[in-house]
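**Q** Sequence plus predicted model, see below.
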Amino acid sequence: MTDERRDDEILGRALSRAIETMDVNQTPFERSRIATVPTKRRFFPIWQVATASAAIVLALAIGSWLTRPTEGQPGVAASPTTPPASPSAAGPSPTANPIVATSVPTWVYFPRDGLPPVGASVPGYPPNSSSREIAIDTRISALRRLGPGEIPAGTTNPLSSVAPPQAGTSRFGVSVRIEGDLATVEFDLSSGWGVRGSAQSQALLQQLVYTITEEPGIRRALITEMGKPNAVIDQLVVDRPLTREDVFGYGAASRDSIAGGVGNSGQLPTLTAQWSVDSLSPGLARFVITVDPANATAALPLFRVEVAQNDEANKPEGGKWRFTVTVSDGLDQTTHAIVDRSPLRAVGAYPSKGDGRSVIYELGLDDLRPWRVFTLTNPTRIVLDIGGSPRAVSDRIAIYRAQPVAATPICSTTCDIQLSGAARVFEANVVWRVKDSAGKVIANGHFLASLGSSAVWGTFDTSIQVPPTFTGNGTLEVFEASPKDGSEQGLVQIPLTIR
């Protein structure tokens, strides 16, 4: 008979000696499923080797069970419903397994001919709120897969022409790195940018800069190509960080405040606010505050308009810039509204925190384009206009309409062109001229705006005359003549066709 107790005791001591003399190769948790061959040792008796091997097999079996991947835990056997990893700052996005689109809305931008890009919500990809880099990649990839019938009317989608690095995928090879308010996006291109000519190149650049900087806290975008410090879009070289205001097509916009009004003798009239986008002029957002709609001759209350960068940490839906319009002595019941009609993103009205006798309006904007404030009567209104057609807007002239009068299609002595807009010029004197295609002046003159040079702009709605002998293409130029030397100030040039 065998002495089982004595045998177990001998086996235990042998196993202890075997374990004590082994080299322990500790593996970090993240690599704990990779088997490691232990260092070979001589002088082990066969029975010790067999016993140690059995112990190792048992330990590995227990370890494999304890470290098995479970639902929601990362691992090589993780749930197949988990989306593929998105790019990190270290390298380009994986393209072998494109993420399937969902109905999650993603806000992106589309270029327009001669106008700043317009934003729109499109179906996106599963969001990842923990990574701003992934959010930027998500927006770019969402644009890549949209076809002509899936974009807003009157816009283009040049990003859809850019081929991804691997055929058959809908995602770019994109690496995103964020430092402060700057996002550097590196593209891994397979066959170039897919656009030709300056207009298409500029449109693609606008689309990229606006879409990348849509991420809250990001105001500048640096676009590069893999292995290069810059990007070359056809003949357009992009070698520095760009803001939306660098590419939107306007000149510089003022950040000064504008104040006006005469007060209303302590009364608290009712204020009503309305807003519109593109209805008066392409690219123009208009915000109108009507003072006491039931009283056409109501006094104009004191008001002040200020502009500043939006605090996206507290108001992420409010765009990149914020206009604040404070009207003293008034009551308004307007509530906060998400507009999402580029450039106007959100509008809100709040009572002042002081005496409660003022209303503060806040407007969230995509960008800081040229803006102007003027007042109207009958009824009394405060009007804030932001933008307009870039070629028809300067720091002192804004043309909203310039077209031949339809009521006089046949000209006998003169042909009338209806002209309306706003101006902030010396002594309210606005100068105009019409040139033919060769640059020859065929008509000129001047008219008066409703108000001269001041913080608040004047308005005009008039007609100018062109000789009936002129037909074809021409250019209307409107400007202020400098009181110092007569030079052109704030010149805008608008193409005309008279038939």
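**A** It's in.

**Q** Regarding residue 416, what are the backbone dihedral angles?
**A** phi -90, psi 140 (degrees, to the nearest 10).

**Q** low pLDDT regions in this protein?
**A** 1-104, 124-130, 166-172, 264-266, 333-335, 354-356, 406-414 (pLDDT under 70).

**Q** Domain-wise, how is it divided?
**A** 4-66, 105-247, 258-388, 392-498 (automatic domain parsing).

**Q** Tabulate those domains (CSV), appending mean neighbour count.
**A** Heads up, the C-betas are built off the backbone N, CA and C, glycines and all. Formatted as CSV, the domains of the chain follow (neighbours: other C-beta atoms under 10 Å):
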stretch, mean neighbour count
domain 4-66, 11
domain 105-247, 18
domain 258-388, 18
domain 392-498, 16
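
**Q** how would you label residue 294: helix, strand or coil?
**A** coil (DSSP: H, G, I helix; E, B strand; the rest coil).

**Q** Let me see the contact set for it.
**A** residue 270 (C-beta atoms under 8 Å, 6 or more residues apart in numbering).

**Q** what does the helix or strand hosting residue 443 rub up against?
**A** Take DSSP states H and E as the rule and residue 443 turns out to sit in strand 441-448. For strand 441-448, the external contacting residues (C-beta under 8 Å, 6+ apart) are 428-436, 460, 462, 464-467, 470, 474.

**Q** Following element in sequence after that strand, please.
**A** Heading C-terminal from strand 441-448 (DSSP H and E), you reach strand 458-466.

**Q** Check which helices and strands the helix or strand just after that next one sits against.
**A** The helix or strand immediately downstream of strand 458-466 is strand 472-481, counting by DSSP H and E. Under the contact criterion of 3 or more C-beta pairs under 8 Å, 6 or more residues apart in numbering; DSSP states H and E, strand 472-481 touches strand 397-404, strand 415-423, strand 429-436, strand 488-498.

**Q** Report the distance from strand 472-481 to the chain centre.
**A** Offset of strand 472-481 from its chain centre (C-alpha atoms, centre = their mean, to the nearest Å): 33 Å.

**Q** Could you check the angle it makes with strand 429-436?
**A** Between strand 472-481 and strand 429-436, the angle comes out at 160 degrees (axes from the mean of the first three to the mean of the last three C-alpha atoms, to 10 degrees).

**Q** what does strand 472-481 contact?
**A** Strand 472-481 has contacts (C-beta under 8 Å, 6+ apart) with 396-397, 399, 402, 417, 419, 421, 423, 425-426, 429-437, 442, 466, 487-499.

**Q** and residue 211, that's in a helix?
**A** Yes: per three-state DSSP, residue 211 lies within a helix segment.

**Q** how about the closest residue to residue 344 other than its chain neighbours, what does it touch?
**A** Nearest residue to residue 344, sequence neighbours excluded (C-beta to C-beta, 6 or more residues apart in numbering): residue 285, at 4.3 Å. Taking C-beta under 8 Å, 6+ apart, we find residue 285 in contact with 275-277, 341, 343-344, 363, 365, 385-387.

**Q** so can I have JSON lines of the residues you listed showing distance to residue 299?
**A** Below are the contacts of residue 285 laid out as JSON lines (distance: C-beta to C-beta, whole Å):
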{"residue": "275", "distance to residue 299": "24"}
{"residue": "276", "distance to residue 299": "25"}
{"residue": "277", "distance to residue 299": "30"}
{"residue": "341", "distance to residue 299": "32"}
{"residue": "343", "distance to residue 299": "31"}
{"residue": "344", "distance to residue 299": "28"}
{"residue": "363", "distance to residue 299": "24"}
{"residue": "365", "distance to residue 299": "29"}
{"residue": "385", "distance to residue 299": "23"}
{"residue": "386", "distance to residue 299": "26"}
{"residue": "387", "distance to residue 299": "30"}
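
**Q** Relative to residue 178, which of these is nearest.
**A** Set against residue 178, the nearest of these by C-beta to C-beta is residue 365 (23.0 Å).

**Q** show me the contacts for the closest one.
**A** Neighbour list for residue 365: 285, 310, 319-323, 343-345, 386 [criterion: C-beta under 8 Å, 6+ apart].

**Q** do residue 374 as well
**A** Listed by C-beta under 8 Å, 6+ apart, the contact partners of residue 374 are 383, 385, 422, 450-451, 456-459.

**Q** Quick one: classify it as helix, strand or coil.
**A** Secondary structure of residue 374, per three-state DSSP, is strand.

**Q** Backbone torsions only: list them for the closest residue to it other than its chain neighbours.
**A** The shortest distance from residue 374 to any non-neighbouring residue, by C-beta to C-beta, 6+ apart, is to residue 457 (4.4 Å). Here is the backbone geometry of residue 457 (degrees, to the nearest 10): phi -80, psi 160.

**Q** Going forward, count from 714.
**A** I'll keep to 714 as the first residue from here, and by that count the last item is residue 1170.

**Q** I figured residue 1170 hits residue 1088, correct?
**A** No: with contact defined as C-beta atoms under 8 Å, residue 1170 does not reach residue 1088; the gap is 9.1 Å.

**Q** nearest to residue 871, of the helices and strands packed on strand 1185-1194?
**A** Shortest distance between residue 871 and the helices and strands packed on strand 1185-1194, using C-beta to C-beta, is found for strand 1201-1211: 23.8 Å.

**Q** Pull the CA coordinates from stretch 1029-1041 and hand them back as CSV.
**A** Taking Å, rounded to 0.1, in the frame of the first residue of the first chain, the C-alpha atoms of stretch 1029-1041 are listed here in CSV:
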residue,chain,number,x,y,z
PRO,A,1029,-22.0,75.1,-27.4
GLU,A,1030,-25.0,75.6,-29.7
GLY,A,1031,-24.3,79.3,-30.1
GLY,A,1032,-21.7,79.2,-32.9
LYS,A,1033,-18.3,80.9,-32.8
TRP,A,1034,-19.4,84.5,-32.2
ARG,A,1035,-22.1,86.2,-30.1
PHE,A,1036,-23.9,89.5,-30.7
THR,A,1037,-25.5,91.1,-27.6
VAL,A,1038,-28.2,93.7,-28.1
THR,A,1039,-29.3,95.5,-25.0
VAL,A,1040,-32.5,97.6,-25.1
SER,A,1041,-33.3,99.8,-22.1
